[in-house]
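>>> One predicted model, sequence on top.
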Amino acid sequence: MRKGSYLALMRKFIVMALLALLGIALVVFFVANRQPVYISMDPFNLDQPAFALGPLPMWAALAITLFIGYGLGAVGMWLSDGTLRRRAKERKAEIRRLKKELELASSVPPQGEGRDLTLRG
């Protein structure tokens, strides 16, 4: 086995092991925090907030927060990559145009300048 492929395999194993440990820690955290909580968006009235969500188990509130953050991050990435997607689309169209041009040029027989180019023996 080559050294480069061994290092890539080891790096992949370490990343997967760390992700597995993070997943286990997250599950343990969710199971340990089952008490009901209220999520309030009113910092001035703690007893009767204008907007409150709950009671929810704390793990559910945290999971919802994680999913919302993931979704917002995905939308942000999609929006920021708009110029790259547009450039890629333009380049693909240019490649298609050049391929058609090349096919057309290779299918047309070359025209001589009035000379016979065949070999005579």
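Structure received. What you are looking at is a predicted structure, and each value in this text was computed from that prediction instead of being measured. Residues are numbered from 1 along each chain as shown.
>>> Could you pull out the strands in the protein for me?
Ranges of strands in the chain, per DSSP state E, are 36-40, 52-57.
>>> Next, the angle from the first one to strand 52-57.
Put simply, strand 36-40 runs at 160 degrees to strand 52-57, going by axes from the mean of the first three to the mean of the last three Cα atoms, to 10 degrees.
>>> ok, and what's touching strand 36-40?
Strand 36-40 has contacts (Cβ atoms under 8 Å, 6 or more residues apart in numbering) with 46, 49, 51-58, 61. Quick note: C-beta positions are derived from backbone N, CA and C, even for glycine.
>>> May I have the beta-bridge partners of residue 37?
Following DSSP bridges, residue 37 is listed with bridge partners residue 56.
>>> most residues in a single helix of this protein, which one?
Of all segments of type helix in the chain, defined using DSSP state H, the longest is helix 3-32.
>>> Quick one: list the elements packing against that helix.
Applying 3 or more Cβ pairs under 8 Å, 6 or more residues apart in numbering; DSSP states H and E, we find helix 3-32 packed against helix 58-80.
>>> Convert the helix it packs on to CSV, retaining C-alpha atoms only.
Output of helix 58-80 as CSV, limited to C-alpha atoms (Å, rounded to 0.1, in the frame of the first residue of the first chain):
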residue,chain,number,x,y,z
MET,A,58,-35.2,20.2,26.2
TRP,A,59,-33.7,17.7,23.7
ALA,A,60,-36.5,18.5,21.2
ALA,A,61,-35.9,22.2,21.6
LEU,A,62,-32.2,21.7,20.9
ALA,A,63,-32.8,19.3,18.0
ILE,A,64,-35.2,21.9,16.4
THR,A,65,-32.5,24.6,16.9
LEU,A,66,-29.9,22.4,15.2
PHE,A,67,-32.2,21.6,12.3
ILE,A,68,-33.0,25.3,11.8
GLY,A,69,-29.3,26.2,11.9
TYR,A,70,-28.6,23.5,9.4
GLY,A,71,-31.3,24.8,7.1
LEU,A,72,-30.2,28.4,7.4
GLY,A,73,-26.6,27.4,6.6
ALA,A,74,-27.7,25.4,3.6
VAL,A,75,-29.8,28.4,2.3
GLY,A,76,-26.8,30.7,2.9
MET,A,77,-24.5,28.4,1.0
TRP,A,78,-26.9,28.1,-1.9
LEU,A,79,-27.3,31.9,-2.1
SER,A,80,-23.6,32.5,-2.0
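>>> Perfect, that will be all.
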